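# Got a sequence here, can you build the structure:
(3 chains)
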Amino acid sequence: MTWTLNPDRYFSPEPTRRRLARTLYQAVKDLPIVSPHGHVDPRLFADPAATLGSPAELLIIPDHYVFRMLYSQGVPLEQLGVPRIDGGATETDHRKIWQLFCEHYHLFQGTPSGGWIDHELVEILGVTEKPGAANAQRLYDHISERLTAPAFRPRALLDSLNIEILCTTDAAADDLVPLQTARQDPVGRRIFPTYRPDALLNLHDPAWPVELARLEQASAMRIDSFSTFLEALWQRRVFFKQLGAHAADHGVLTAATEHLSQAERERIFQRALGQSAEPSDTARFTAHMLIEFARMSVEDGLVMQLHAGAYRNHNPHILHRFGRDKGFDIPIPVEFTRPLLRLLEAYGNDPRLTLILFSVDEDPYSRELSTLAGAYPAVKLGPPWWFHDSPNGMLRYFDQVMETAGLYNTAGFNDDTRAFLSIPARHDVWRRVACDWLAGMVLAGRMDETDGASLARLLAYDLAKIAYRFEGAPHA
Amino acid sequence: MTWTLNPDRYFSPEPTRRRLARTLYQAVKDLPIVSPHGHVDPRLFADPAATLGSPAELLIIPDHYVFRMLYSQGVPLEQLGVPRIDGGATETDHRKIWQLFCEHYHLFQGTPSGGWIDHELVEILGVTEKPGAANAQRLYDHISERLTAPAFRPRALLDSLNIEILCTTDAAADDLVPLQTARQDPVGRRIFPTYRPDALLNLHDPAWPVELARLEQASAMRIDSFSTFLEALWQRRVFFKQLGAHAADHGVLTAATEHLSQAERERIFQRALGQSAEPSDTARFTAHMLIEFARMSVEDGLVMQLHAGAYRNHNPHILHRFGRDKGFDIPIPVEFTRPLLRLLEAYGNDPRLTLILFSVDEDPYSRELSTLAGAYPAVKLGPPWWFHDSPNGMLRYFDQVMETAGLYNTAGFNDDTRAFLSIPARHDVWRRVACDWLAGMVLAGRMDETDGASLARLLAYDLAKIAYRFEGAPHA
Amino acid sequence: MTWTLNPDRYFSPEPTRRRLARTLYQAVKDLPIVSPHGHVDPRLFADPAATLGSPAELLIIPDHYVFRMLYSQGVPLEQLGVPRIDGGATETDHRKIWQLFCEHYHLFQGTPSGGWIDHELVEILGVTEKPGAANAQRLYDHISERLTAPAFRPRALLDSLNIEILCTTDAAADDLVPLQTARQDPVGRRIFPTYRPDALLNLHDPAWPVELARLEQASAMRIDSFSTFLEALWQRRVFFKQLGAHAADHGVLTAATEHLSQAERERIFQRALGQSAEPSDTARFTAHMLIEFARMSVEDGLVMQLHAGAYRNHNPHILHRFGRDKGFDIPIPVEFTRPLLRLLEAYGNDPRLTLILFSVDEDPYSRELSTLAGAYPAVKLGPPWWFHDSPNGMLRYFDQVMETAGLYNTAGFNDDTRAFLSIPARHDVWRRVACDWLAGMVLAGRMDETDGASLARLLAYDLAKIAYRFEGAPHA
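Okay, the predicted model is just below:
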C-alpha cells in the first residue's frame, strides 16, 4: 500500500467543522509563502549550482530537532554524523546515518518533526513508503536521485515552492556577501537579511573580543568606547537596510529592560574591553541595549523582534564536544509586564516602532503577551515559537491569545527554520490549524463565515507582510 | 440580509453535545441575574430620569475594553473622546467617535468584547445590520432613539433585564448617597454596596492624605494612629452593612499576607501620616491589613473578595494624560499558596469567613486555587476574572478548576462590569459556556444528566447567591 | 432504575472518534496492571486473613482526597472518623461516617475522586444505586457483606484485579518485614518495595534524630559523620534491591541540585547531629543529596524518581490535630531547567541513570519537562501527578508533553494511590483517556491507525515496565 498523507490532517474530526475547515483552507493553501524570520543559509542561493546535499545532510545532520530525539533515546550524536568541535571522530557514511534514522522513525510518531518530515518525504520528495529499517537504503537511493535533479536546486525550489519572501538571520558584523550574490538573481531578490547583534552583547563571553574585532572590521572603525560601539552598531543597521533588511532580531534570556546612566554604560563597556566583564554586566548591558535598539528601530524603521526565554546550551558535555545549538536549549519561565516597562515607557506609544514579542514559555500568553499586544500600539505578538510551532502549540496560542490581543495585533506565521525543505510543511501546518480553529469559531457563532474567510487569509499571508512592513494593512 | 446572532453560539458544533447544551441552557437562560460584583455607577438608579447617554457614551468613551483595542491599532484616545486629565482637547462630537468605532469594528472579531457588543446591539437595542463605515450614522440614529425611550431608563432596564441583585463597588469613605436614594425605590432595592478600602492602603501614594481626610470626614473621627485608622475602617463597614452590603473587596498586586507587630504597624502608619512612606511600606502594610480585614469579616460576616495580580497603569504616558483605568492594567504572575499562609492559618478554618479568590493570572488555577478552595472551608474560588471572562477563559477555568476544587467551592459568576447594558450579555455567555461544558461532562459519562441539569442551575444562579450570602445552599 | 456507568465514559462524544477510541481501548483494557509507584500498605498482603475493613475504612477515613472535600464544605474531620493525634475524640461509628459521606456524595460530581469511587462501587463492589441520604445504610450493609467475602481478601484481589506489578513506597530505614512475608506467597511476589529516604534529609525537623536512630539500627552501624550517613543509606539500597526494589523515590519542595564541598557537607551534617540545623541547611543538603542519589542510581541501577512542588501540611490547625497527609499539601510553582543543571551535568548523559520527573505544577510541562525529557538520555517524564491524575489532567499532559518529549521518553502510568481498590479504576481512566487522545491523533492524520494501536499498548502497559526496568523496550 502506498504511503500517503491524510488530506484532512490537522482538522478536527467533527464533520461540520472539518468541512468548513477544508473550505477555508482551500482558499489559502496556495497563497505564496511569506517567511519573515528564519535561519536558512543564504549560501544555498548564492551559488546557482548549490544542492541540498545527501538525505542525511538534508534531514538529520544539521537538524537539532531530529538528532536530539534520537539522542534522548540513547543514540550517540557521533553515530548521527554530527560534527565534533573537539576533533573527535564522527560517522561519515551517510548511508549508515540514514539507516539509523529510519530504524528510529517511530520516535517521531505524533511529533511536529515527524509531521514535517512526512510532508517533505511524501509531498516534495515523492516517497511512497514509510521509512523503516527494511526500506532505508531504497529510500536513500530514491531521495539522493531527487536531490541531484535541477528542479531540486535551492533557487529552483524557492520558485516552485512559491516562496515570496525569505528572511535570513545574520550576525550584525556579517558582510552578507552570499546574500548580496543571491540578490543579484531575480529569484534571489526574495531573500532579505535580518540584523542580529546578540553575540556583541555577551560581554563576559571569552569569544566577545573576536566578535568585537569582527564588528570593527565590518564597520571600518575603531571601537574603544560605548559611543563608538553604538555608532558601529548603527552603521551596520544602515548597511543591512541598504541590502533589504526589514527587521532586527534579539535573542535574550530575560526580557529585562533598564536605562543605564552614561557613566555606567561606559564603565561596563570598558570592563568588557578589559575582558573582566561578569555575567551580571552582560545582563544589565543587554537590558540597556534593548532600549537603544528600540530607539534605533524608531529611527530606521527596522522591525524589532524579541525572542526571550531559552536557556542556551544546557548540556555542557554536548556543548564542549559538539558546540552550540545541538538540541539543548531548554526554556525557563519568562516575564514581560514588568521587565519591558522601561522600553515601553520610552517607545511603546510610538507608531514608528513595531516590537514583535516571542516567548518559548507559554505562561505569559494569556497573562502578559495578549494584554500588552492588545494595548500598546508598538507591540505585536509573534507566532508560537520553537517547541510551540506545532499543532497543539498553535491551538493553545489561538486559544490563549486571540481573545485579548485580537488577531490584528499578531504577526502571522514564522517558520524560524534552518531546514529549507521544511518551510512549506511548516506553513501548511499553520494554515491548516488556523483554518480549523477559525471553523470552530464560526460554528460556535463567534464570528460569521465571511469574517472567518478574511481572517484565514490574514493569518496565512497578510499579517506577516504587514507586521514586517512589506505592505500596509488591507483594512487600514 | 438581517444581522442575527447564532442561537447556538458558544456551543460545541458536535450535534449530540450541542443538543444537550441547548436543553440545559433552555432551563437556565431566563433565571434572574445575580451580579454580586461589578462597577455600575449607582447614580444611574438614583435619578429616575437618568439615561444611558449617547451611543458613544454607552459603548466607547467609558469602556477601556473597547478603546484600548482601537488604541492598540494606532487610534489616539483623543479621537475616541476619552477625557483628558491634563486639560488637553479631546473629541466631543459623538457621531465622529461612533463613526471611527464602526470603521474599526473588525478589530473585535472573535473577541469577548465583540460578542458582548453584538449581543447588546442585536438583542437589546434591536440593531439589524453589522456596524461598518457605511451604516455607522444610520445605526447612531437608531440607537440614540432607543436610548431616549422610557423603557431604556436604567431603572426600567433593571427590571426588564431581570436583574435580581446588583452589587456596586464603593470606596470605603463614600457617603453612598446615590445608592441610598436608589434603594428608596422598590426596583432600586436590588442594588447593594460593596466596601472597598484599597485607596486607603496606598500609603506612599501622593493622593493618600486626601483619601485619609475623606475617611476622617466619613467616620467623623480624627485618625492619628493605627488604632484610630482601624476603628474608622470598622465604622465604615458598619455603615456599609446597614445600607445592605454583603461583601468587601480588596484589589492587590500580590496575595501576600503577614502579621506586623503592633510597633511596626504604628511605625509604618506614622510614616504615612508624615508623607514619607515607601512602596515597601505599602506592600507590608497591605499584607498586614488583609489579615485585619479577614478578622473583620469573621466578625461582621461581610464576604471577603481578594483580586490579585493586576499591575495597574503600566503606561505612564496614558496615565498622565488620561488617568487611571484606561486599558493598561497588565497581569503579572501571582502566587497564593505561600502568600496566603498567615491569613489562612488565622481564619481559613473558620466557618464565619468566606474568602473568594480571583486571579488575573491563570497559572495558579490548577496548581494553587483549586487546591486551596478544595480544602479550606473558608476559601471559595471566584469566576474567571477580567481578560478571562471570555468563552475560552471560562472553558480553561472549568477544565483546570472543577476537578479539584469541586463545583460547590466556587462562587458562580461575576460580570465585574461598569457597562450596564453588557450585564445580560456577559451572564448569557457564562450560562451558554457552562451548559456546553456540562453537556460535555454528561456525554463523557462523568456525571449523569440529572446532575448536569442541577449543576447548570447552580452555576447560573444559586452559587453566586450562596457565596455572597444572599441565601443558604440548597443542598446544605 | 439500576445505577450503571457509561460504557463509553471518558471518550469524546464525536462518533468517529468515540468509535476509534473504543476499538483502541478494547485491545488494552484487559492488559495486566503495572503499578510502579504507589502507597498501598504491604501488610494487606502479609497476612492472608487481612481484609479491607468497613466501608468507611475502605473509602473515607484513610482517603485524604475524600475527606478534604467534605472538610472544604464545612464537615469537621472528627465527624469523618479521621484519627486525632492530639488525643481528642473522633467518630467511631462507621455507619454514621458512611451516612455523612453519602449525604455529601454530590460534592464529588465531575471530580476524579467521584469517578474512581463510582467505578469501585459499581464495577468491583456490585452496588446498583447511587449513594445518597436515603440508601446509605442499605449500601453499607451490601458493601460490608462483600468486603468480608474471601474473594475480597487483598491477596485474592491482587489476582482477580489482574495486578502484575505493585510497587510500595517504604522508608529507607524500614525493615520491610510485611513485604518479605508477602513475597513468600506466589501472588505476593508481585509486590516490590521502593526506597524512599526523604525523612532522613529533613535535618531541621525535630523528628530527624528519631529517623537517624532508625537508620542506625536498620544498617547496624554508627552514624556520626556524613560519610557514615552515606554508607548507611547505600547499605539500605543494597537491602532494598535484594528484596526486589526497582526504584528509589524522592519527594522534594524544589528540584534544586547543588554540589556541596566535602567540608560543607560535614559541617551541615554535624549541625544536624547537634540538632541545630536550619531549614536552609535542609534545602542545601537535599540539593546535594539528590546528586549523591543519582550517583548511587548509576551504580546500582535503581530508577530515580523525583517528585517536586508540593508544599506539605499547609494548614497548621489540621497538622497539629490530625497529623501529616490530611489533604493540605498545596502545590507551588516549580522550575526544573536551572535547578537540575548540576545533576544533569554529572549524570544526565549516562545511560545507566533513569531519572523520572514528576511535577504537581503543570506549567513546566511544555516549557521544561518535555524539553528535558526530549533531549537528555537519562530523563523520562512521569505521568500527570496527584491533582492532575484526572481526565482533564491527562489530556493537558498529552497535549503539552507528547509533541516535544515524544511518547517514548515518558514512563506510562502510575496510580500513586494508598486506596488499593481504586487501582483498577485509575488505570482504567488512564487507558480510556489515552485511547481517546490517540483516536484524536489518528483522525487528525497525525499518526496512522497501526501506530495508534501500538502506542495504546505502550501507554497502557509497556512504557511503565520499560521505564522501571522490568523489561526492555520492544522497539530497542
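# for the spatially most central residue of chain A, what are its contacts?
With distances taken as Cα atoms, centre = their mean, residue A:416 lies nearest the centre of chain A, 1.9 Å away. Residues in contact with residue A:416, defined by Cβ atoms under 8 Å, 6 or more residues apart in numbering or on different chains, are A:37, A:38, A:39, A:385, A:386, A:389. In short, each C-beta sits where N, CA and C put it, glycine included.
# let's see it at 6 Å
Counting by Cβ atoms under 6 Å, 6 or more residues apart in numbering or on different chains, residue A:416 touches A:37, A:38.
# I'd assumed it was in a helix, is it?
No: going by DSSP: H, G, I helix; E, B strand; the rest coil, the assignment for residue A:416 is coil, not a helix.
# Check it and give its pLDDT.
Note on residue A:416: pLDDT of 97.
# for residue A:122, same thing?
For residue A:122, the predicted pLDDT is 98.
# Same check on the one 4 residues further on?
On the pLDDT scale, residue A:126 is placed at 98.
# what about the nearest residue to it once chain neighbours are set aside, neighbour count?
Nearest non-adjacent residue to residue A:126, counting by Cβ to Cβ, 6 or more residues apart in numbering or on different chains: residue A:146, 6.6 Å away. Using other Cβ atoms under 10 Å in any protein chain shown, residue A:146 has 17 other residues around it.
# And residue A:146, which helix or strand is it part of?
Here residue A:146, judged by DSSP states H and E, is contained in helix A:136-148.
# List the buried residues for the helix or strand following that helix?
Next helix or strand after helix A:136-148 toward the C-terminus (DSSP H and E): helix A:154-160. Across helix A:154-160, burial judged by 16 or more other Cβ atoms under 10 Å in any protein chain shown covers A:154, A:155, A:157, A:158.
# Can you name the element that comes right after helix A:154-160?
strand A:163-167.
# Which strands or helices does that following strand pack on?
Packing partners of strand A:163-167 (3 or more Cβ pairs under 6 Å, 6 or more residues apart in numbering or on different chains; DSSP states H and E): strand A:33-35.
# strands paired with the strand it packs on, and their directions?
In the sheet, strand A:33-35 lines up against strand A:163-167 (parallel) (DSSP bridges).
# Can you dump the C-alpha atoms of the partner strand in CSV for me?
Below are the C-alpha coordinates for strand A:163-167, written out as CSV (Å, rounded to 0.1, in the frame of the first residue of the first chain):
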residue,chain,number,x,y,z
ILE,A,163,8.2,31.4,-1.5
GLU,A,164,7.6,35.1,-2.0
ILE,A,165,9.7,36.4,0.9
LEU,A,166,12.5,34.6,2.8
CYS,A,167,14.3,36.5,5.6
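# Please identify the buried residues of that strand?
The neighbour-count check on strand A:163-167 (16+ other Cβ under 10 Å) flags A:163, A:165, A:166, A:167 as buried.
# what does stretch A:441-461 give?
A:441-448, A:451-456, A:458-461.
# hmm, it in reach of chain C?
No: using Cβ under 6 Å from any Cβ of the partner chain, we find that stretch A:441-461 stays clear of chain C, coming within 12.9 Å at best.
# Need the contact partners of that stretch.
Residues outside stretch A:441-461 that contact it (Cβ under 6 Å, 6+ apart): A:17, A:24, A:28, A:31, A:407, A:431, A:434-435, A:438, B:6, B:9-10, B:13, B:109-110.
# What subset of those is buried?
For the contacts of stretch A:441-461, a burial check counting by 16+ other Cβ under 10 Å picks out A:17, A:24, A:28, A:31, A:407, A:431, A:434-435, A:438, B:9-10, B:13, B:109-110.
# and chain C, which of the residues you listed reach it?
Counting by Cβ under 6 Å from any Cβ, no member of these is near chain C.
# can you pull out the strands in chain A?
For chain A, the strands defined by DSSP state E occupy A:33-35, A:163-167, A:170-171, A:191-192, A:194-196, A:247-252, A:303-308, A:310-311, A:330-331, A:355-359, A:379-381.
# Point out the most buried one among those strands.
Highest mean neighbour count among the strands of chain A (mean count of other Cβ atoms under 10 Å in any protein chain shown): strand A:330-331, with a mean of 28.
# Name the residues that touch it?
Strand A:330-331 is touched from outside by A:309, A:310, A:311, A:314, A:360, A:361, C:337, C:367, C:371, with contacts defined as Cβ under 6 Å, 6+ apart.
# So what are the sheet partners of that strand and their directions?
strand A:310-311 (antiparallel).
# Where does the stretch 151-300 of chain A get nearest to chain B, residue-wise?
Of all residues in the stretch 151-300 of chain A, the one sitting closest to chain B is residue A:255 (12.7 Å; Cβ to the nearest Cβ).
# Got phi/psi on that residue?
Dihedral angles of residue A:255 (phi, psi; degrees, to the nearest 10) stand at phi -90, psi 20.
# Would you mind listing what in chain A touches chain C?
Neighbours of chain C within chain A, by Cβ under 6 Å from any Cβ: A:6, A:9-10, A:13-14, A:68-69, A:72, A:74, A:106-107, A:109-112, A:311, A:316-317, A:327-328, A:330-332, A:361-363, A:387, A:390, A:392.
# now for the buried ones among the contacts of stretch A:441-461, which pair is the farthest apart?
For the buried ones among the contacts of stretch A:441-461, the maximum inter-member distance is 30.6 Å, found between A:31 and B:10 (Cβ to Cβ).
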